[in-house]
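# generate a structure from the sequence data that follows.
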Amino acid sequence: MDTEEFRRLWDELDPIGRLPGGGYLRFSWSEADLACRAWFQEQARARDLTCESDRNGNLYAWWGEPGSGEAVLTGSHFDSVPHGGAYDGPLGIVSAFLAIDALREAGDRPRRPIAIAAFTEEEGGRFGIPCLGSRLMTGAIDPDRARALTDAGGTTLAEAMRETGADPEQLGPDPERLASIGAFVELHVEQGRRLDGEDAPVGVANAIWPHGRWRLDFTGAADHAGTTRLPDRRDPMLTFAFAVLAARKEARLAGGLATIGRVEAEPNATNAIAATVTAWLDARAPDEAVLSAILTGFESKVTERAGRDGTGFAIRPESETPVVEFDAGLRDRIAALLSTFTARKHRRGGGAPILPTGAGHDAGVLAAHVPTAMLFVRNPTGVSHAPREAASDEDCAAGVDALAAVLRDLAC
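You can find the predicted model right below:
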């Protein structure tokens, strides 16, 4: 793949949703998301691919007969976290179109249909549930619950879909479409620096850590900041502050990760003691036992602290994902293929490293239903979900070459 070809197509998509100070806002069912969808449809038309949307708002561009069975699916997502980076999601979609271009230029024709997918609300940046499009498709979330999800402005998912002409009443499992997929391969920018340390442009995933999101509700009593004695206060902000430190400590002791990066306070006034604080805990770990230890220790310590503060504390899950082991046969087949491919095309030994990831993906949801694999493209900064997320054009072109080789092996 010529780096100029990658840059040309990347530059078409890159400005959509980009903020003046850096980073992106590409929330699902927003103006930026609709512009990305229009770009996707335009790319499909330019290649004579059949483009369609499923009942859950996921887009597909088909090379070959849609729904004819044993399709090889690739792609990723457009949506971003607030002020997120450029590559998380869109790189997999741009690379998929370019991989099909490369196969056609080489004279390949699919014996199994190939489809490019753009899944909706993968980040959960607007409605709070990650991988919502793939969860709905696989039946992992109740459609009534999904329709009632709200964004920060109080707009429900159902309302947002109707505003863009989509029908939220159609949301739900899509077993026929799922049964037509023989394999899913998602290309993604690496969210870490493992590949950079191994001087490898492309890697293969073997597993996704168990992870989830939990809502934390702290309750107290609103009062005046200047007249209420410290002993008389029931300040939920104190309990919340303790919880932030407790999450970090429990994760460190257990050997996992825990983050509280989102918080809302009421009445949110400088000169008032808060009545309520709502926050969200993100926790991840190498295995289920470590994740359980983090959550058990955290809940116990914060509950005890709330008793001392005279406040209330409640924790409830919003999404939970167990450990995902990608299909071993598919993983090993791809790793062996890329070892030969990189040695021949890029004159580089050592093959493609196999590595785990702590980040969730649509591939993790589909892995419970179809053979699934992931390719990672090197990120020299190691930063993700932030503007400094990066990948060189040369590495992205190598990722396209690798994806094309995988699609050729699986479908042509």
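# C-alpha from now on. contacts and neighbour counts both.
OK.
# now do the same end-to-end measure for stretch 20-32.
Across its full length, stretch 20-32 reaches 14 Å between end residues, using Cα to Cα, to the nearest Å.
# just to be sure, Arg213 is in a strand?
Yes - Arg213 sits within a strand when classified using DSSP: H, G, I helix; E, B strand; the rest coil.
# quick check: buried residues in stretch 237-244?
Within stretch 237-244, the residues that qualify as buried are Met237, Leu238, Thr239, Phe240, Ala243, Val244, counting by 16 or more other Cα atoms under 10 Å.
# which residues touch that stretch?
Outside of stretch 237-244, the residues within contact range by Cα atoms under 8 Å, 6 or more residues apart in numbering are Phe218, Thr259, Ile260, Ala274, Thr276, Val277, Phe298, Val302, Arg305, Ala306, Asp309, Thr311.
# break down the stretch 51-200 of the chain into its helices, ranges please.
For the stretch 51-200 of the chain, the helices defined by DSSP state H, counting those that start in this stretch occupy 90-105, 132-138, 143-148, 157-163, 175-179, 194-197.
# where helices are concerned, which of the buried residues of stretch 237-244 count?
Assignment to helices by DSSP state H places the following of the buried residues of stretch 237-244 there: Met237, Leu238, Thr239, Phe240, Ala243, Val244.
# check what pLDDT the third one gets.
Going back to what we said before, that points to Thr239. Confidence at Thr239, expressed as pLDDT, is 98.
# show me this structure divided up by domain.
Residue ranges for each domain of the chain read 3-209+323-411, 212-321, as given by automatic domain parsing.
# okay, the ones you listed, which one's buried deepest?
Of all the domains of the chain, domain 3-209+323-411 has the most neighbours on average by mean count of other Cα atoms under 10 Å, namely a mean of 20.
# what secondary structure does the residue nearest to Leu355 when sequence neighbours are not counted sit in?
Closest residue in space to Leu355, ignoring its immediate chain neighbours: Ala205 at 5.0 Å, by Cα to Cα, 6 or more residues apart in numbering. Local secondary structure at Ala205 is given as strand here, using three-state DSSP.
# just checking, Ala205 touches Ala359?
No - using Cα atoms under 8 Å, Ala205 is not in contact with Ala359; the gap is 11.1 Å.
# how about Asp223, nearest residue that isn't a chain neighbour?
Using Cα to Cα, 6+ apart, the nearest residue to Asp223 is Ile273, at 5.1 Å.
# quick check: the one you found touching Gly226?
No - taking Cα under 8 Å as the definition, Ile273 is not a contact partner of Gly226, at 9.4 Å.
# so how far is Arg147 from Ala118?
Separation of Ala118 from Arg147 (Cα to Cα): 20 Å.
# packing partners of the least confident helix or strand in the chain by mean pLDDT?
Evaluated with mean pLDDT, DSSP states H and E, the helix-and-strand set of the chain has its lowest mean pLDDT in helix 328-345, which scores a mean of 83. Taking 3 or more Cα pairs under 8 Å, 6 or more residues apart in numbering; DSSP states H and E as the contact definition, the neighbouring helices and strands of helix 328-345 are strand 202-208, strand 372-377, helix 393-411.
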